[in-house]
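>>> coords please:
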Amino acid sequence: MPGGRRGNPRPCRQRMRKGLRLILRPSLLLLMAEKEAHGYELYDHLTSLGIEPDCMDSSILYRDLRDMEEMGLIGSKWDDEDSKGPKRRVYRILEEGLVHLGEWIENLENIQDQINQITERYQKTIG
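Residues are numbered from 1 along each chain as shown. Take a look at the predicted model:
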């Protein structure tokens, strides 16, 4: 898995610590609300939400999945499909996860409104 292992990942990791941590869990919940998926699928589909997986260490994703499962937001099971590779854990969102996703989206919308106010004021003052 790529996960911040190419080139010099330091700038990506600095950006990730500040912004990605805010949106990773709701992003994962949203992807699971769309479709059950194993960890690598989720990791791979983060790009559809504007998250650069190459800037993220995959261990963070798996840690968040484990934490959200312990919180009762998601569930998992081993993939029953007979494949030649190792068995993979498939994750799905639970009812409590849907509730939390709605709350996260509301909070993100409030943050987005605040950011818009700041940038508009900046443009009037500086820009």
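>>> residues of the top helix by length along the chain that come out buried?
Taking DSSP state H as the criterion, the chain has its longest helix at helix 95-125. Neighbour-count burial for helix 95-125 flags 97, 100-101, 104 (criterion: 16 or more other C-beta atoms under 10 Å). Quick note: C-beta positions are derived from backbone N, CA and C, even for glycine.
>>> what's the spacing between that helix and its chain's center?
On the basis of C-alpha atoms, centre = their mean, to the nearest Å, the separation between the geometric centre of helix 95-125 and that of its chain is 16 Å.
>>> and it, what other elements does it pack with?
helix 21-34 (3 or more C-beta pairs under 8 Å, 6 or more residues apart in numbering; DSSP states H and E).
>>> Could you point out the helix or strand that follows the helix it packs on?
strand 37-38 (DSSP states H and E).
>>> Can you give the strand pairings for that following strand, parallel or anti for each?
Sheet pairing of strand 37-38 (DSSP bridges) gives strand 89-93 (antiparallel).
>>> Run through who's touching the partner strand.
Residues outside strand 89-93 that contact it (C-beta atoms under 8 Å, 6 or more residues apart in numbering): 29, 32-33, 36-39, 42, 65, 69, 73-79, 101.
>>> Can you give me the neighbour number for the residue lying closest to Leu94 once chain neighbours are set aside?
In space, and not counting its chain neighbours, Leu94 is closest to Gly75: 5.4 Å by C-beta to C-beta, 6 or more residues apart in numbering. Counted with other C-beta atoms under 10 Å, the neighbours of Gly75 add up to 15.
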